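Asker: sequence plus the predicted model coming up.
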Amino acid sequence: MDYPLLSAFLTMAFFFLWILWIFLLVKIIVDIFRSHDLGGWGKAGWLLFVIVLPFLGVFVYLIARGRSMSEREMAKVKEQEQVFQDYVRSTARVPTQADELSKLAQLRDHGDISDAEYQKAKAKLLT
C-alpha cells in the first residue's frame, strides 16, 4: 500500500533534519575558529576531523568540547550586551540629579521661576 501523506511527511522530516545537520556543522566549524584555547594545529586537526568524518567528528566534538562551546557562546553574548549597553549610555545620556538641580538653579537665577517654586521642585527632585 502507498501512503502519499506519510511520504510527504517523511520527506519534510528528512529535509528538516538535513538543514539542522548543516546548521550544527557550521556552528561547530565557527566554534573551532573562535576557540582561543586551541592552537593552530589543534584547530586544523579538529577541522580536518569534522570535514573528513562529519558524523563522527561532530559527535566527538560535542562530547569533548560541548561545555566549553557553550561557555564561549555565553561569553560572546555578554560581550555583545556590554558593547550595546555602552553604546546606549554614550548616545542617550540620562540626566543626573545634579544636572536637574543645575537646570533649576539656572531657571531661578534667570527669573523664570520663583524661589518658592525652586524649593518645591528641588524637594520633589531629591525625594
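Answerer: That came in fine, so what should we check first? Residues are numbered from 1 along each chain as shown.
Asker: tell me which element Ala121 falls in.
Answerer: helix 115-126 (DSSP states H and E).
Asker: what mean pLDDT does that helix have?
Answerer: Across helix 115-126, pLDDT averages out at 89.
Asker: buried residues in it?
Answerer: 118, 121-122 (16 or more other Cβ atoms under 10 Å). C-beta: built from backbone N, CA, C; applies to glycine.
Asker: and for the spatially closest residue to Ala121 that is not a sequence neighbour, the neighbour number?
Answerer: Leaving aside its chain neighbours, Ala121 sits nearest to Leu104 (5.4 Å; criterion: Cβ to Cβ, 6 or more residues apart in numbering). Neighbours of Leu104 under the rule other Cβ atoms under 10 Å: 18.
Asker: again, but for Phe16
Answerer: 10.
Asker: that one sits in which helix or strand?
Answerer: With DSSP H and E as the criterion, Phe16 is inside helix 4-34.
Asker: low-scoring stretches of the protein, by residue?
Answerer: Scanning the chain for pLDDT under 70 picks out 1.
Asker: which among the buried residues of helix 115-126 gets closest to Leu10?
Answerer: Ala121 (71.5 Å; Cβ to Cβ).
Asker: wait, the closest one sits on Leu101?
Answerer: No. Applying Cβ atoms under 8 Å as the test, Ala121 and Leu101 come out as separate, 9.2 Å apart.
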